[in-house]
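Asks: What follows is a protein structure lacking sequence information:
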C-alpha cells in the first residue's frame, strides 16, 4: 500500500490575527530555527534520497525552493519598508524548481544561503515597529495586498511546512 503524502504535514496555515509582540517573537524564533531544522531534516541523506519526491518535487528541489522563496520574501520586505505599497516581482516557483541547479545541484549552497539570509532577515524584523508590520505590498499573481505582518506569519509557517514534507518522507520511508 502506497501512502499519499498529506497536503499540510505541519498543519494548515494558522489564522493570522492582529499584530502581537508575543506572536512576533514566536514567528521570529521559527525563522531563526528554520535553517537548522532543515539542515537536520536532510542530514545524512544520500543523493538517491535527495532525489525522492514528496508529491511533485524532490527533497533536493524543496531545499533549493526554500532558499529561492525566502530570498524573494526578504527582498519583498525591504521593498515594502522603503516604497509605498510596491508591486512585488512574482516568479513561477514550479519553473524555477525545474532549473538544473534545483534538479541536480548540491544542497549545501542553498543551506548556507538560508543560514545567512535568515540572520539578515531577522536583523531587519527585530528592528521593525508595529506600524511597519502594517505596511503592504501588492502581489501581481494573486492580486492580493499583503501586509508585512501576514508575510512574517506565512513564511514562518512555510519554513515548517516544507521541512515537515522532508521529515514525513524520512519517517514513512524509514530513512
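Replies: Thanks, I have the structure now. Not measured: the values here are computed from a predicted model.
Asks: what are the ranges of the helices in the chain?
Replies: 21-42, 47-50, 59-82, 93-97, 100-104, 108-126, 130-133, 148-172 (DSSP state H).
Asks: and the ones you listed as CSV, adding mean pLDDT?
Replies: Below are the helices of the chain laid out as CSV (pLDDT from 0 to 100):
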stretch, mean pLDDT
helix 21-42, 98
helix 47-50, 98
helix 59-82, 98
helix 93-97, 96
helix 100-104, 97
helix 108-126, 98
helix 130-133, 98
helix 148-172, 97
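Asks: and of those helices, who's closest to residue 4?
Replies: Taking CB to CB, helix 148-172 is the member of these nearest to residue 4, at 10.3 Å. The C-beta positions use only the backbone N, C-alpha and C, and glycine is treated the same way.
Asks: Give me the helices and strands touching that closest one, please.
Replies: For helix 148-172, the packing partners by 3 or more CB pairs under 8 Å, 6 or more residues apart in numbering; DSSP states H and E come out as helix 21-42, strand 53-54, helix 59-82, helix 130-133, strand 136-138.
Asks: orientation of it relative to helix 21-42 in degrees?
Replies: For helix 148-172 against helix 21-42, the angle by axes from the mean of the first three to the mean of the last three CA atoms, to 10 degrees is 30 degrees.
Asks: What are the buried residues along helix 148-172?
Replies: For helix 148-172, the neighbour count (16 or more other CB atoms under 10 Å) marks 148-149, 151-170 as buried.
Asks: And for stretch 28-47?
Replies: By neighbour count on 16+ other CB under 10 Å, the buried set for stretch 28-47 is 28, 30-35, 37-39, 41-42, 45.
Asks: Distance of the nearest residue to residue 148 once chain neighbours are set aside relative to residue 72?
Replies: Spatially, and ignoring its direct neighbours in sequence, residue 148 is nearest to residue 133 (4.9 Å; CB to CB, 6 or more residues apart in numbering). Taking CB to CB, to the nearest Å as the measure, residue 133 falls 19 Å from residue 72.
Asks: now swap in residue 3 and tell me
Replies: 32 Å.
Asks: Then residue 58?
Replies: In this view, residue 58 and residue 72 are 20 Å apart by CB to CB.
Asks: thinking again about what came up before, which of the helices and strands packed on helix 148-172 is buried the deepest?
Replies: Compared across these, helix 59-82 shows the largest average neighbour count, a mean of 20 (mean count of other CB atoms under 10 Å).
Asks: Does anything pack onto it? Which helices or strands?
Replies: Using 3+ CB pairs under 8 Å, 6+ apart, helix 59-82 sits against helix 21-42, helix 47-50, helix 93-97, helix 100-104, helix 108-126, strand 136-138, helix 148-172.
Asks: Residue 10: which of these is closest?
Replies: Set against residue 10 and scored by CB to CB, the helices and strands packed on helix 59-82 come closest in helix 148-172, at 3.7 Å.
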